[in-house]
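**Student:** quick one, structure for this:
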Amino acid sequence: MKTCSLQCCKQHKIEKSCDGKYHYEKFIRASEMDEKLLRKDLTYLHDMLQESEKTKKKLSTLKTQEQLRFKLLKIYSQKLHDIKLKIAPQIMSKHRENLSFYHTKTKKIFWTIGLVFYVPSDVLKNKGMNADNYRWLTDPREESQTLMEIIDQENINDSNILILMKDKANSNKLLEIIKESTVNGFIKDESNPREKRMFRVDWWEPLSENIKQMTLIEYPVIHIVFKQDMPEFEKEFTIVTREKELKKQDA
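**Tutor:** Down below sits the predicted model:
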């Protein structure tokens, strides 16, 4: 549209509720099409193709960066702590939620950590729930921090977990519950998932010490077990003493 002045343009926008932009999605009858409208549509399609190509290049770059992140994570977890890290397929949710990375300046790993609050399988079945309903993920945490320091940074606000802690330990603060020795913590050895072996964690030791020489899938997962549920937990898993197992490996 052509106007004789800025004042006329403003008046047109008021009278016609016009925003001054050409709306490509607006329906136009074939009888109303002319060369000018056709050129606009062709220009629009050309611009969209260019934007599409730019987006593809950006996504390709991001994919390359992600591949590098996981490659460095795998290399340095092995080099620094003798950890065998298994990377899940990209389609798996555990892979997508893993934000762990190797920090090149500090030369340390920052790990995503899973906290799984153990509930006996029969209780889960009666409630129509599964273990994912009692699961919490941390932001990436620096590996030299103790587990107590990491837990202290977490503000767990999941209602299922809060109710469980209140029922089992009369507190909704995990740090307090650990200090009162009301729970035990375990990390599963993934070298042979069929064996269902669990290593007991030391809450006052750094994360790196708790996971060294282990096989992990994506990131460390700590299973938190209330003392009253230990008999059921021991039926499902084999608890391994870490010191004895490491001596076996060194022998």
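**Student:** please make it C-alpha for all contacts and neighbour counts, starting now.
**Tutor:** Noted.
**Student:** number of residues surrounding the nearest residue to Phe237 once chain neighbours are set aside?
**Tutor:** Counting by C-alpha to C-alpha, 6 or more residues apart in numbering, the nearest residue to Phe237 once its immediate chain neighbours are dropped is Lys196, at 5.2 Å. Neighbourhood size, Lys196 [other C-alpha atoms under 10 Å]: 14.
**Student:** from His81, how far out is Lys196?
**Tutor:** 22 Å (C-alpha to C-alpha, to the nearest Å).
**Student:** one more: Gln213?
**Tutor:** Distance from Gln213 to His81, by C-alpha to C-alpha: 6 Å.
**Student:** ok, these two, which is more surrounded?
**Tutor:** Legend: neighbour count by other C-alpha under 10 Å for Gln213 and His81, higher for Gln213 (18 against 14).
**Student:** where does the residue lying closest to Arg200 once chain neighbours are set aside sit: helix, strand or coil?
**Tutor:** The shortest distance from Arg200 to any non-neighbouring residue, by C-alpha to C-alpha, 6+ apart, is to Phe186 (4.4 Å). What DSSP: H, G, I helix; E, B strand; the rest coil gives for Phe186 is strand.
**Student:** what of the one 5 residues further on?
**Tutor:** Following three-state DSSP, we place Ser191 in the coil state.
**Student:** leaving out chain neighbours, which residue sits closest to it?
**Tutor:** Thr215 (5.3 Å).
**Student:** surely the one you found touches Pro193?
**Tutor:** No - checked against C-alpha atoms under 8 Å, the pair Thr215 and Pro193 is beyond contact range at 10.1 Å.
**Student:** which of the two has more neighbours?
**Tutor:** Neighbour tally, Thr215 and Pro193, criterion other C-alpha under 10 Å: the higher count belongs to Thr215, 20 against 9.
**Student:** list the contacts of the nearest residue to Phe233 once chain neighbours are set aside.
**Tutor:** Spatial nearest neighbour of Phe233, chain neighbours left out: Pro120 (7.2 Å); criterion: C-alpha to C-alpha, 6+ apart. The contact partners of Pro120, by C-alpha atoms under 8 Å, 6 or more residues apart in numbering, come to Asp229, Glu232, Phe233.
**Student:** let me know the pLDDT of the second one.
**Tutor:** Per-residue pLDDT puts Glu232 at 93.
**Student:** show me the beta-bridge partners of the residue nearest to Arg200.
**Tutor:** Arg200, His223 (DSSP bridges).
**Student:** ok, now which ones touch it?
**Tutor:** Per C-alpha under 8 Å, 6+ apart, neighbours of Phe186: Met198, Phe199, Arg200, Val201, Ile222, His223, Ile224, Val225.
**Student:** apply 6 Å and report the result again.
**Tutor:** With contact taken as C-alpha atoms under 6 Å, 6 or more residues apart in numbering, Phe186 is in contact with Met198, Phe199, Arg200, Val201, Ile222, His223.
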